[in-house]
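S.K.: Take a look and give me a structure for this.
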Amino acid sequence: MKREIILDTETTGLDRKVDRIVEIGCVEVIDLVPTGTTFHKYINPTHPVHKEAFKVHGLSNDFLKKFPTFRRQVRQFLAFIEGATLVAHNASFDIGMINAELERLDIPPLQNEVVDSLALAREKRPGSRHTLDALCKALNISTAKRDLHGALLDAQLLAEVYCELRGGRQIGMTLDLFAQVETSIPTVARQRPVPLPPRLTDEDRAMHAEFISSIKDAIWNEYRDPKLENAA
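M.R.: Predicted coordinates for the structure are as follows:
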């Protein structure tokens, strides 16, 4: 069983030395199947959100100041991702931001195995655009609910993209298709156009009837049809 955590972060800006995480979204995937288990937290960054970052995710300073800081939520986050492979789009940014937050708290950096879904997409789909929006469009994954970037929503979309790139969705769809075919098409026994002639002679039938009559409470009597025997 392989447990993977698809994660995304939103931040106050792009400089890990000074900027902070304002939102973390995680989606659990086991053997390329999303389990429905998620982790989602808004975080008070104690640092102003840059205007350009606000245009991306829409999380204002007034909104974020109501939530706990990273220090107060980090243990829950680390417990959720413990032992799992982490998957992120342009993973060096998200993992770098998380490790910068951990360093400020004197907590060792993440030791999890990390998969960069951006690198995977470039490998699987060379020559194409590899933004999350472009991949969703190419793979027929709906982004109808995505007006702004959001860590949990983006992690959920990335989980679908990642499973598709790894072949997980096709495998499941193929199995479902076969199941539908097997259950929806009845099995019809082939019939001969002309029945074979009977191989029993009148003598055979008479001998069999005599044999049955010699046995007390013979089970064959339950299946005998006197009309057919008399007609024979």
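S.K.: Show me the beta-bridge partners of the residue most central in space within the chain.
M.R.: Central residue of the chain (CA atoms, centre = their mean): Val33, 2.6 Å from the mean position. Legend: beta-bridge partners of Val33 under DSSP bridges are Ile30.
S.K.: wait, doesn't it sit right on Cys163?
M.R.: Yes. Checked against CB atoms under 8 Å, the pair Val33 and Cys163 is within contact range at 7.4 Å. Heads up, the C-betas are built off the backbone N, CA and C, glycines and all.
S.K.: so what pLDDT did the residue nearest to Pro48 when sequence neighbours are not counted get?
M.R.: Leaving aside its chain neighbours, Pro48 sits nearest to Asn61 (5.9 Å; criterion: CB to CB, 6 or more residues apart in numbering). Predicted confidence (pLDDT) for Asn61: 95.
S.K.: try Ala179
M.R.: pLDDT, Ala179: 38.
S.K.: try Met1
M.R.: Model confidence at Met1, given as pLDDT, is 89.
S.K.: now swap in Val18 and tell me
M.R.: pLDDT recorded at Val18 is 96.
S.K.: tell me the SS of it?
M.R.: Here Val18 is recorded as coil under DSSP: H, G, I helix; E, B strand; the rest coil.
S.K.: who's in contact with the closest residue to it other than its chain neighbours?
M.R.: The spatially closest residue to Val18, leaving aside those adjacent along the chain, is His47, at 7.3 Å (CB to CB, 6+ apart). With CB atoms under 8 Å, 6 or more residues apart in numbering as the criterion, the residues that contact His47 are 12, 18-20.
S.K.: Now find how far off-centre whichever strand or helix holds Ala119 is within its chain.
M.R.: Of the helices and strands defined by DSSP states H and E, Ala119 is found in helix 117-124. With CA atoms, centre = their mean, to the nearest Å as the basis, the distance from the averaged C-alpha position of helix 117-124 to the chain average is 19 Å.
S.K.: Buried residues, it. List them.
M.R.: Buried residues in helix 117-124, counted by 16 or more other CB atoms under 10 Å: 117-118, 120-121.
S.K.: packing partners for whatever helix or strand comes next after that helix?
M.R.: Sequence-wise, the next helix or strand downstream of helix 117-124 (DSSP H and E) is helix 132-138. For helix 132-138, the helices and strands in contact under the criterion 3 or more CB pairs under 8 Å, 6 or more residues apart in numbering; DSSP states H and E are helix 151-166.
S.K.: would a markdown table of the buried residues of helix 117-124 with pLDDT and distance to Glu103 be doable?
M.R.: Output for those, formatted as a markdown table (pLDDT from 0 to 100; distance: CB to CB, whole Å):
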| residue | pLDDT | distance to Glu103 |
| --- | --- | --- |
| Ser117 | 96 | 24 |
| Leu118 | 96 | 24 |
| Leu120 | 95 | 27 |
| Ala121 | 95 | 29 |
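S.K.: Reformat those residues as TSV; add distance to Ala151.
M.R.: Conversion of the buried residues of helix 117-124 to TSV gives the following (distance: CB to CB, whole Å):
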residue	distance to Ala151
Ser117	15
Leu118	16
Leu120	20
Ala121	19
